[in-house]
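[1] I would like to see how this sequence folds:
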Amino acid sequence: MEDSAANAAAPDFDVYRAMDWKDGVGTLPGSELKFRVNEFGVLEVITSEADDDSVKKAHATTTWSVPTAQEGKLIPVKEERPWAQRGLVCVRCQRKGSAVDFLPDGRHCSERCLQQDQQECLGCHLQRFFLFPAVPYGGKKKSWCWASYLEEEKSVAAPSKSFKEHQSYPQSKNGFRVGMKLEGVDPEHPSMYCVLTVAEVSGHRIRLHFDKHSDCYDFWVNSNSPDIHPAGWCEKTGHKLHPPKGMKDEEFSWSSYVKMNKGQAAPKALFENQNTMVTPLGFRIGMKLEAIDKKNPSLICVATVTDMVDNRFLVHFDNWDESYDYWCDATSPYIHPIGWCQENGRTLTTPPGYQSEENFSWEKYLEETGSSPAPARAFKVKPPHSFQIHMKLEAVDKRNPMLVRVATVVDSDDHRIKIHFDGWTDEYDYWVDTDSPDIHPAGWCAKTSHPLQPPISPLEMFESSEQGGCPTPGCKGVGHIKGARYSGHHSAVGCPYSDINISKGSVLPDRLSGEMPGTGVGRPRRAESSSASAAVNQDASVSPPFNLPVVFFSTVNAQLLLRGCCPGLPSLIRRVLYSVRVGRPSKKKVEEPLTLQQALHQSVFMPSGSSSPTSPHCWDQHSKLLPTVAGITASKVAAWTVEQVTEFIQALPGCKEQVRTFRDEQIDGEAFLLLTQVDLVKILSIKLGPALKIYNSILMFKTTEDSASNEL
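    Purely as a prediction, here's the structure:
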């Protein structure tokens, strides 16, 4: 997948330009649906002739207007909007402000929030639209605050002194912006420094994306994290920087890379760790020690210091792979000098494959490896923490890292606390280190402008499981087990809190394995394909009983729609979507002999609903142009895997370069059949020539299916 900077530079599909406007009424080519722009600047469907007439009359007497193809933007309304004097809450980031600070739609505080909303799939938009309505924060929606909550619960918040400096209220504002590029540690491979791009900013936190990799692997860090560095840091400090996927080490240059992607290197001033005073340590690279395996805490193993940055060093377990490595400082309770296990009656786990495993001797091992032990004086004692049971704080939800929740300390030991998310059941409790960057004092979110998830009430717990969507009690369908690629889910399979996922670590394959993650939530492909086909065959002119925001129609991201993110999309909404995307067949025209280019062009730019038996030239003409498509029906294609789709694309003349795009976007047969010409050209950035052939193939699959049905 292209990196965030490249995506930001790509032009967005403009729904207004795609419509034909007359007397304030917009129509979509190939569809009988009509639209208007309401007083909030939101596009809505006209459901009756009476509404149609009223819009035309209003258009003749009001200053409100819609954009023309030449204008490309809304003309401001002279009259004051009803909500202009009230506070607003952004549906994307929950930021509060007045109408002056918001976009004309009254729902987004910035273009960035609007763009992020537009990049989501339709199902996630519906979910966010109905779960987080744009209501004034001073209105009916009940607000939540720490002071009232602590008083109600007769509880106390963990004092600020209990938190380390990096956990407490930040001294400076988060200056990172979406699209900025930097270098950072891969949390799953702590010895690796990679090229990263800021994909999202929320309060004091940033979501980082591995350039040229799937955004399933995106991860969150605080803006003061010691694991991130400015561009050029690796070269300056002698560390190896792993370039983006597909680039060789010798080919990568920060200056040319940023220029090529029209991006921006994050300014050095934003990195707080660049000004850190380095305390002399007794540790050196290559020194040996005994260390606890954090992933298997019962094991204490032979380890080596393999890297050092500022006041921290990297612990690597001898003869183990790097995924078990971790960074720590001299006070870490997880490390000990050599001989500690023998002195304390603990079992030392020797390196896998070591010859003298039963009679391990540190003296002999140091001699064999030509290394020296870390001196005992280098190990410092960690001061005791002051967290107490029942204290409350704010904590990042490890199962859904985009969220910060209200939490309570329910247990503790020498260097850890067990946190419980208020309102949730005990099964979601887990242990964290007291110096974890993911716990913060009460009020941290408010002071950093980060959304805070308040405790769930018993009523909300019940309602969430009764109102449809995700069946997990308390879950509102936000987040996904497969990471940031999907912002929402509609089933237990994709839910981070469901019984089938709660005990899982990561469902994603290793980022470096060369494999791509699965394409969804394991729904029955054939069954849903049939229902989708039925929806298309039904009357496409059905009008929705509700008004959809404009972003639903401006986001024509078909490969996201049915990639697996929203298998529970209501059938009525599917019909509305299809009615806009498919439309009614065009009027029959007099047939004339077509040239090769004309035949392809007509097949692509006619409404997709017109590929029916009433247009015999589709099959006769195109089966000669693309013989590899002959005889294949849409029902067969719907069952194709991602690999089968890429094999088909590769077999199409002149389309080999597009294979990587389809593989990276994980487009399976079902999603492939739903792609439109707009998706291929605008979203997937495929050149017109290959796009014509690919879309023509899709139409031929559907034509073959229709022909087979008619014969029966």
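[2] ok, now which ones touch Ile335?
    For Ile335, the contact set (C-beta atoms under 8 Å, 6 or more residues apart in numbering) comprises 289-292, 303, 315, 328, 379. All C-beta atoms are positioned from the backbone trio N, CA, C, and that covers glycine.
[3] is it bridged to anything, and to what?
    Beta bridges link Ile335 to Ala291, judged by DSSP bridges.
[4] and stretch 656-672, how far apart are its ends?
    Start to finish, the residues bounding stretch 656-672 are 16 Å apart (C-alpha to C-alpha, to the nearest Å).
[5] out of the contacts of Ile335, who's the most crowded?
    Comparing these on neighbour count, Ala303 comes out first with 28 neighbours (neighbours: other C-beta atoms under 10 Å).
[6] and what about Lys295, helix, strand or coil?
    Assigned state for Lys295: coil (three-state reduction, DSSP: H, G, I helix; E, B strand; the rest coil).
[7] and if you look at Ser255?
    helix.
[8] just give me the neighbour total for it.
    Burial measure for Ser255: 10 neighbouring residues, criterion other C-beta under 10 Å.
[9] name the SS class of the spatially closest residue to Asp186 that is not a sequence neighbour, please.
    Setting aside the residues directly before and after it, Asp186 is nearest to Met192 in space (C-beta to C-beta, 6 or more residues apart in numbering), at 4.5 Å. Secondary structure of Met192, reduced to three states by three-state DSSP: strand.
[10] number of residues surrounding Met192?
    When neighbours are defined as other C-beta under 10 Å, Met192 has 18 of them.
[11] first vs last residue of stretch 320-337, how far apart are they?
    Chord length of stretch 320-337, first to last residue, is 19 Å (C-alpha to C-alpha).
[12] can you check stretch 650-657 too?
    Stretch 650-657 stretches 8 Å from its first residue to its last (C-alpha to C-alpha).
[13] buried sites along that stretch?
    Neighbour-count burial for stretch 650-657, counted by 16 or more other C-beta atoms under 10 Å, picks out 652, 655.
[14] ok so, going back, quick check, nearest of the contacts of Ile335 to Ser498?
    Taking C-beta to C-beta as the measure, Ile292 is the one of these closest to Ser498, at 30.9 Å.
[15] list the contacts for that closest one?
    Neighbouring residues of Ile292 by C-beta under 8 Å, 6+ apart: 299-301, 334-335.
[16] can you go through those and name the buried ones?
    In terms of neighbour count (16+ other C-beta under 10 Å), the buried residues within the contacts of Ile292 are 300-301, 334-335.
[17] rewinding a little: and the residue nearest to Asp186, how far from Phe210?
    When distance is defined by C-beta to C-beta, to the nearest Å, Met192 is 10 Å away from Phe210.
[18] find residues that contact each of the two.
    Asp186.
[19] okay if I get the contacts of Ile335 as CSV plus pLDDT?
    Conversion of the contacts of Ile335 to CSV gives the following (pLDDT from 0 to 100):
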residue, pLDDT
Leu289, 97
Glu290, 97
Ala291, 97
Ile292, 97
Ala303, 97
Val315, 97
Cys328, 96
Phe379, 96
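[20] from the residues you listed, which single one is nearest His440?
    Distance ranking of the contacts of Ile335 against His440, using C-beta to C-beta, places Cys328 first at 20.7 Å.
[21] what sits against the closest one?
    With contacts taken as C-beta under 8 Å, 6+ apart, Cys328 has the following neighbours: 312-313, 315, 334-335.
[22] how about Val195?
    181, 183, 210-211, 241-244, 252, 257.
[23] ok, now Ile417?
    By C-beta under 8 Å, 6+ apart, the contact list for Ile417 reads 385, 387, 409, 411, 431-432, 434, 439.
[24] below-threshold pLDDT in the stretch 101-250 of the chain: ranges please.
    For the stretch 101-250 of the chain, residues meeting the criterion pLDDT under 70 lie at 116-142.
[25] please repeat the previous calculation with a cut-off of 90.
    101-143, 171-172, 214-216, 245-250 (pLDDT under 90).
[26] and the helices in it?
    Using DSSP state H, counting those that start in this stretch, the helices of the stretch 101-250 of the chain run over 111-119, 122-131, 146-153, 233-237.
[27] neighbouring contacts of the shortest one?
    Outside helix 233-237, the residues within contact range by C-beta under 8 Å, 6+ apart are 183, 193, 239-241, 309.
[28] what comes up buried for it?
    Of the residues in helix 233-237, those buried under the neighbour-count criterion (16+ other C-beta under 10 Å) are 233-234.
[29] show me the beta-bridge partners of the residue nearest to Glu200 when sequence neighbours are not counted.
    Counting by C-beta to C-beta, 6+ apart, Glu200 lies nearest to Arg207, which is 3.9 Å off, once chain neighbours are set aside. For Arg207, the beta-bridge assignment (DSSP bridges) gives partners Glu200, Trp220.
[30] quick one: Arg207 from Asn359, how far?
    Spatial separation of Arg207 from Asn359 under the definition C-beta to C-beta is 50 Å.
[31] Ser371 now?
    Applying C-beta to C-beta to Ser371 and Asn359 gives a distance of 19 Å.
[32] higher neighbour count, those two?
    Legend: neighbour count by other C-beta under 10 Å for Ser371 and Asn359, higher for Ser371 (15 against 8).
[33] so that one: helix, strand or coil?
    With three-state DSSP as the criterion, Ser371 reads coil.
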